[in-house]
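the following block contains a protein sequence and its predicted model.
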Amino acid sequence: MTRLSVNINKIATLRNARGGDNPNLVQVAKDCERFGAQGITIHPRPDERHIRYQDVFDLKKIVTTEFNIEGNCQEQKFIDLVLANKPEQVTLVPDVLGQITSNHGWDTIANQDYLKYIIATFKSAGIRVSIFVDPVPEMVAAAATTGTDRIELYTEAYATHYHNGKEKAIAPYVEAAKVALQYGLGINAGHDLDLHNLNYFVENIPGLQEVSIGHALISDALYYGLENTIQMYLRACATAK
């Protein structure tokens, strides 16, 4: 079964809208785990518009499943934050300042030297490293020489084109996953996966270890309730293979 990590950024966004502590981010993380989530993902950004830096320290104390911190490793404050908290996994994303959401993977060829350096920095602290990549075989192959443990396939294109032809939409991801497996890389995935497209992705991507889902899951929870929604996503992560 592919593991489900719940991204709780949107809970922090809702909390911050009123300036208080409702909903309480720590309690929601505990509840997500109690309801079956196998990991908690956060993506702090410099403007702290959702996850605040203090949240990272607070969550580190209570998360009992996998703690995954995503972010732009070209920001020194992010590097310091991760090293201070030592999550089970850090996911490196090539964001730029002010970016609303992640929208592309690393150019693992052009950034090879930098990635080798920053990945070694985190791995020397005992942190598993995953890097965000597009489903391009050349980029996956180059990722394998950076020292990363895993790649996270950026799935927006798959989600966008899913309803116009799911076989065509998933084809580049299947090829990318095959390359990753050839090089011994672990495979994660995330971005715009939801209850409509998740199970097909899980069923067809070889070696898929983990999906990180936030926006769609939290949106669905408004209708179905958080516990029920997490159970629905867990069922979608199950495979008959």
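Now that the structure is in, tell me what you want to look at.

rest of the way, CA atoms for contacts and neighbours
OK.

can you show me the helices along this protein?
9-16, 25-34, 53-62, 76-85, 112-123, 137-143, 156-161, 166-182, 198-204, 215-224, 226-237 (DSSP state H).

adding distance to H104 and mean pLDDT, write those out as CSV.
Compiled in CSV, these are given as follows (distance: least, Cα to Cα, whole Å; pLDDT from 0 to 100):
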stretch, distance to H104, mean pLDDT
helix 9-16, 19, 97
helix 25-34, 27, 98
helix 53-62, 24, 98
helix 76-85, 19, 97
helix 112-123, 16, 97
helix 137-143, 12, 97
helix 156-161, 9, 97
helix 166-182, 14, 98
helix 198-204, 19, 98
helix 215-224, 17, 98
helix 226-237, 24, 98
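
how about K123, what does it touch?
V129 (Cα atoms under 8 Å, 6 or more residues apart in numbering).

could you measure from it over to Q89?
The spacing between K123 and Q89, counted by Cα to Cα, to the nearest Å, is 10 Å.

what do the two both touch?
The contact lists of K123 and Q89 share V129, where a contact means Cα under 8 Å, 6+ apart.

returning to what we had before: relative to D192, which of the helices of the chain is closest?
helix 156-161 (5.5 Å; Cα to Cα).

distance between the closest one and the chain's centre?
16 Å (Cα atoms, centre = their mean, to the nearest Å).

for it, packing partners?
helix 166-182 (3 or more Cα pairs under 8 Å, 6 or more residues apart in numbering; DSSP states H and E).

packing partners of the helix it packs on?
Short answer (3+ Cα pairs under 8 Å, 6+ apart): helix 166-182 packs on helix 137-143, helix 156-161, strand 186-190, helix 198-204.

show me the contacts for K116.
Per Cα under 8 Å, 6+ apart, neighbours of K116: 145-147.

what do you get if the cut-off is 10 Å, keeping everything else the same?
Contacts for K116 (Cα atoms under 10 Å, 6 or more residues apart in numbering) come out as 108, 143, 145-148.

same question, E175
E175 touches 135-137, 140, 205-206, counting by Cα under 10 Å, 6+ apart.

nearest to Y117, of those residues?
Once Cα to Cα is applied, the member of the contacts of E175 that ends up nearest Y117 is V140, at 17.7 Å.

in this structure, which residue is most central in space?
Geometric centre of the chain, nearest residue: S212, 4.1 Å, by Cα atoms, centre = their mean.

how far is stretch 192-202 from where the chain is centred?
14 Å.

what residues sit buried inside that stretch?
Along stretch 192-202, these residues count as buried under the neighbour rule (16 or more other Cα atoms under 10 Å): 192-195, 197-202.

take those and lay them out in JSON lines including distance to R52.
Formatted as JSON lines, the buried residues of stretch 192-202 follow (distance: Cα to Cα, whole Å):
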{"residue": "D192", "distance to R52": "23"}
{"residue": "L193", "distance to R52": "25"}
{"residue": "D194", "distance to R52": "26"}
{"residue": "L195", "distance to R52": "28"}
{"residue": "N197", "distance to R52": "31"}
{"residue": "L198", "distance to R52": "29"}
{"residue": "N199", "distance to R52": "32"}
{"residue": "Y200", "distance to R52": "34"}
{"residue": "F201", "distance to R52": "32"}
{"residue": "V202", "distance to R52": "32"}
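
so A141 makes contact with Q182?
Yes: look at A141 against Q182 with Cα atoms under 10 Å: they come within range, at 9.0 Å.

looking at the two, which one has more neighbours?
A141 (19 against 11; other Cα atoms under 10 Å).

what's near enough to touch the more buried one?
108-109, 176, 179-183, 185.

now D194
By Cα under 10 Å, 6+ apart, the neighbours of D194 are 159, 213-217, 219-220, 233, 236.
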